[in-house]
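> below is the structure, and that's it, no one-letter string:
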Ligand code: SAM
């Protein structure tokens with residue numbers, strides 16, 4: 001069927017492009033990507049010769065019209081990003097919403113996403129989680145963001161870049177406290193895939209001491225808020241205390 005296909009690409013290991021992704025990318029008449037040179041390498045590796053067109057934050061709204069015209073002509077198109085799932089801390093939101101608004105089908109393929117890949121092996125609670133993307137670059141905004149998440153009981157997932165890893169770990173320790181459990185996943189699906197697990201202060205010390213841990217692509221995950229975080233007295237115990245206070249002389 002005529003559609004805009006949303007196609008995830010590998011986050012490191014080329015073996016993670018699915019056979020269906022290859023099929024769809026070969027069959028469509030135009031592929032929207034972030035960087036035509038970057039994606040060109042991936043596509044040629046799989047002998048996909050479909051034409052590509054760059055779509056980034058600055059031209060996304062205008063370019064969407066191009067893709068809608070293709071769809072109107074009865075031709076399917078696809079969207080990929082540099083790595084992983086489009087729209088997940090990547091461009092595509094405006095394209096998808098405009099294509100939907102124009103009345104065309106948008107059909108997603110399942111595939112690689114760093115956040116889900118990291119969470120699935122982290123050992124942190126995975127029943128409820130919140131994907132927070134990248135933390136703000138500025139110190140004050142970063143601390144404010146973390147303050148707003150401090151009492152969230154869900155597992156929190158952040159993307160991070162190598163040059164901000166140390167300030168981000170410092171901010172996590174400052175706001176969430178030294179003891180909160182966390183996991184740092186690095187270079188997923190690649191040769192130097194690493195999981196560091198421990199308290200925030202332990203991970204920070206480890207990353208600070210080892211420059212190798214400050215390189216590559218990084219997902220940070222923090223355990224959600226628990227009452228133990230602030231030594232709170234359980235509500236039931238407080239009730240009993242109150243009762244005792246009224247009864248005792
Ligand atoms: N759309 C992508 C996805 O589905 O995961 C994410 C794109 S975002 C611009 C790039 C960030 O994703 C990196 O800074 C890093 O935080 C995370 N990431 C991507 N690939 C990764 C990998 N192989 N290992 C760890 N983190 C990765």
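Okay, I see it. If you're wondering where the values come from, they're calculated on a predicted model, not measured in any experiment. Residues are numbered from 1 along each chain as shown.

> tell me how many other residues surround the residue nearest to residue 54 when sequence neighbours are not counted.
Of all residues not flanking residue 54 in the chain, residue 36 sits nearest, at 5.1 Å (CB to CB, 6 or more residues apart in numbering). (Glycine included, C-beta is placed from N, CA and C.) By the measure other CB atoms under 10 Å, the count of residues near residue 36 is 15.

> isn't residue 36 right up against residue 50?
No. In this structure, residue 36 is not within contact of residue 50 by CB atoms under 8 Å, at 11.5 Å.

> the residue in the chain that the ligand sits nearest to pairs with what?
Across the chain, the shortest distance to the ligand (CB to the nearest ligand atom) belongs to residue 84, at 2.5 Å. Following DSSP bridges, residue 84 is listed with bridge partners residue 9.

> what sits against it?
Residue 84 makes contacts with 8, 9, 10, 11, 90, 111, 112, 113, 114, as judged by CB atoms under 8 Å, 6 or more residues apart in numbering.

> and residue 174, by the same measure?
Contacts of residue 174 (CB under 8 Å, 6+ apart): 143, 146.

> can I take it that it is in a helix?
Yes. Per DSSP: H, G, I helix; E, B strand; the rest coil, residue 174 lies within a helix segment.

> gap between it and residue 201?
To residue 201, residue 174 is 11 Å away according to CB to CB, to the nearest Å.

> hmm, back to that, need the contacts of residue 84 in TSV (columns: distance to residue 240 and pLDDT).
Output for the contacts of residue 84, formatted as TSV (distance: CB to CB, whole Å; pLDDT from 0 to 100):
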residue	distance to residue 240	pLDDT
8	53	98
9	57	98
10	56	98
11	51	98
90	52	96
111	53	98
112	51	98
113	47	98
114	47	98
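
> same for the ligand: which of these are within range?
11, 90, 113, 114 (CB under 6 Å from any ligand atom).

> where does the second one sit: helix, strand or coil?
It refers to residue 90. coil.

> can you report how many residues neighbour it?
Going by other CB under 10 Å, the residues that sit close to residue 90 add up to 18.

> ok, it - contacts?
34, 81, 82, 84.

> one more: the third one?
The contact partners of residue 113, by CB under 8 Å, 6+ apart, come to 8, 11, 84, 85, 88.

> please name the nearest non-neighbouring residue to it.
According to CB to CB, 6+ apart, the nearest residue to residue 113 is residue 85 (4.3 Å).
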